[in-house]
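J.: mind looking at a prediction? Sequence and model below.
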Amino acid sequence: MSSSVAVASAKWSRPLLKTVEIYWKESKYEFLKRWRMPVYSLSVILFPAMFYTLFGLVLNRDLSGGHREAATYLLATMGCYGVIGVALFGFGVGVATERGQGWLEVKRASPMPIPAYFTGRVMMCLVFSFLVFLTLFTLGTLFGGVRLAPLQLLGLMATLVLGSTPFCAFGLVIGYFTKPNSAPSVVNMLYLPLSFLSGLWMPIGVLPNFLQRLALALPPYHLGQLALHMVGMESRGDIHTHINVLIGFTLICLGVAVLGFRRDEGKLYG
């Protein structure tokens, strides 16, 4: 009892600069840990780049004027596909694995503020999301003839990087309600179908009407439409509606994740 009281007291009495340093170090080492794991760092960056190269650059190379349009369109949608993968695998698989290993219990027992763990993981996802954007934009500019105005470029970058956060929350739900061995399968079972049905692989207009209506209920669809709007491509719906859906989705996921967190707390501490 006395040790837990001491830990709690240390958390609340820590100077502000020391707290900032803890958050910074947690974010830094979370990124370095993932960067040094090729199964994560290479896959989340190279797979979107590979698909973008195939569908956005190679298969459309004979379209003359349409080549640039296709490359720009898929830059936005494949960018969404990439950052969603960063978040789902970073949170969904990562949290589930560390829960299974007991690492979260160690973190919980340390004097580190609880939010620092989650903040560090979010910052890691934001950095990797930026790397995905940078890789795709470089490919599109060099080989696809993509040309974006400065405001379009900044808007797309902000949309993709910040747009990964709702899926960080979704990944957190997966991480708290799946086991380490099943988490990768669950993520893949959700990630690929949701991306396809949301129009991230092909224009939503080519899908059957009932799938187009279904897409309205899928968060990746709304992120994709925001990204298309930012690059000046034809998009559906109102920008405020897309933003509100993503905010609502984030809040719902955070609420469910809190239930999972409290369930684990109850198992540990009664």
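T.: Yes, it's here. Numbering: from 1, shown residues only.
J.: low-scoring stretches of this structure, by residue?
T.: 1-14, 61-66, 266-270 (pLDDT under 70).
J.: recalculate using a threshold of 80.
T.: Along the chain, the parts satisfying pLDDT under 80 run over 1-14, 59-67, 104-105, 107-111, 264-270.
J.: who's in contact with the residue nearest the centre of it?
T.: Nearest residue to the geometric centre of the chain (Cα atoms, centre = their mean): residue 87, 2.8 Å. Neighbour list for residue 87: 125, 129, 164-165, 167-168, 170-171 [criterion: Cβ atoms under 8 Å, 6 or more residues apart in numbering]. Any C-beta I mention is one placed from the backbone N, CA and C, and that applies to glycine too.
J.: mind doing that once more with 7 Å?
T.: 125, 164, 167-168, 171 (Cβ atoms under 7 Å, 6 or more residues apart in numbering).
J.: can you redo these as a markdown table with neighbour count?
T.: Formatted as a markdown table, the contacts of residue 87 follow (neighbours: other Cβ atoms under 10 Å):
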| residue | neighbour count |
| --- | --- |
| 125 | 28 |
| 164 | 29 |
| 167 | 31 |
| 168 | 27 |
| 171 | 31 |
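J.: quick check: the farthest pair among those residues?
T.: Largest separation among those by Cβ to Cβ: 164 and 171, giving 9.6 Å.
J.: re the thing from before, for residue 75, state which of the contacts of residue 87 is nearest.
T.: The shortest gap between residue 75 and any of the contacts of residue 87 belongs to residue 164, at 16.1 Å (Cβ to Cβ).
J.: hmm, that closest one is touching residue 82, no?
T.: No. Residue 164 lies out of contact with residue 82 (Cβ atoms under 7 Å); the separation is 9.1 Å.
J.: and residue 85, how far from residue 152?
T.: Noted for residue 85: a distance of 23 Å to residue 152, by Cβ to Cβ, to the nearest Å.
J.: who's more crowded, these two?
T.: More crowded of residue 85 and residue 152, by other Cβ atoms under 10 Å: residue 85, with 26 against 15.
J.: which parts of the host helix or strand of that one are buried?
T.: Using DSSP states H and E, residue 85 maps to helix 65-87. Using 16 or more other Cβ atoms under 10 Å as the test for burial, helix 65-87 gives 67-68, 70-87.
J.: can you check stretch 191-211 too?
T.: Quick answer for stretch 191-211 (16+ other Cβ under 10 Å): 191, 194-200, 204, 207.
J.: tabulate the residues you listed in CSV, adding columns for distance to residue 143 and secondary structure.
T.: Listed next are those as CSV, based on distance: Cβ to Cβ, whole Å; DSSP: H, G, I helix; E, B strand; the rest coil:
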residue, distance to residue 143, secondary structure
191, 26, helix
194, 28, helix
195, 23, helix
196, 24, helix
197, 28, helix
198, 26, coil
199, 23, coil
200, 20, coil
204, 25, helix
207, 28, coil
